[in-house]
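> predicted model, plus sequence, below.
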Amino acid sequence: MTQLNLDQLAAQYAQKIVQDGQDGLENLITKTLGVLQEQGVYACLLFLFSRTGNEKNLAETTRSHLYNLLKELPVFQKSTLNDQNALKFFSDSVCNDLDTLLLVKELYEQTLIYARYGAKAVGQ
């Protein structure tokens, strides 16, 4: 069984978020990270769904990359995760197990931190 380097995954997906980003990405990522740290994974997802205007496309792209990151974890590799089923999926499959919830929170937090610094570095 191969070991999964979660820090490497966080860095790779942060790069993808930044590559697909545009102006305003750093601000959106900073706000999303704040919600994740203060309110948790489910609230973070709700926050990204609630974005409108210029942030809407950035939020959709960020959500998509966070879904794909989650599917890198062995327990979720066969999961079908998209905007249509995300809220139910997270409440039923992520939030139902404390160990999984904490793992996902830490993984998302590290990814968003890397994405924030990456966006700052490229001036987004």
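Right, received. Where do you want to start? Residues are numbered from 1 along each chain as shown.

> now for the closest residue in space to residue 48 that isn't next to it in sequence: which residues touch it?
Take residue 48 and drop its neighbours on the chain: the residue closest to it by Cβ to Cβ, 6 or more residues apart in numbering is residue 59, 4.4 Å away. From N, CA and C alone the C-beta is placed, and that goes for glycine too. Applying Cβ atoms under 8 Å, 6 or more residues apart in numbering, we find residue 59 in contact with 28, 32, 48-49, 51.

> quick one: which of those residues sit in helices?
Mapping those onto helices (DSSP state H) picks out 28, 32, 48-49.

> report the buried members of the residues you listed.
Neighbour-count burial (16 or more other Cβ atoms under 10 Å) is assigned, among the ones in helices among the contacts of residue 59, to 28, 32, 48.

> the second one contacts residue 46, correct?
Think residue 32. No - between residue 32 and residue 46 there is no contact under Cβ atoms under 8 Å: 10.7 Å.

> sorry, back to before: among the contacts of residue 59, which pair sits farthest apart?
28 and 49 (12.8 Å; Cβ to Cβ).

> how about the helix or strand harbouring residue 111: buried residues?
Of the helices and strands defined by DSSP states H and E, residue 111 is found in helix 98-122. Across helix 98-122, burial judged by 16+ other Cβ under 10 Å covers 100-101, 103-105, 107-116, 118-119.

> which SSE is residue 61 in?
helix 54-70.
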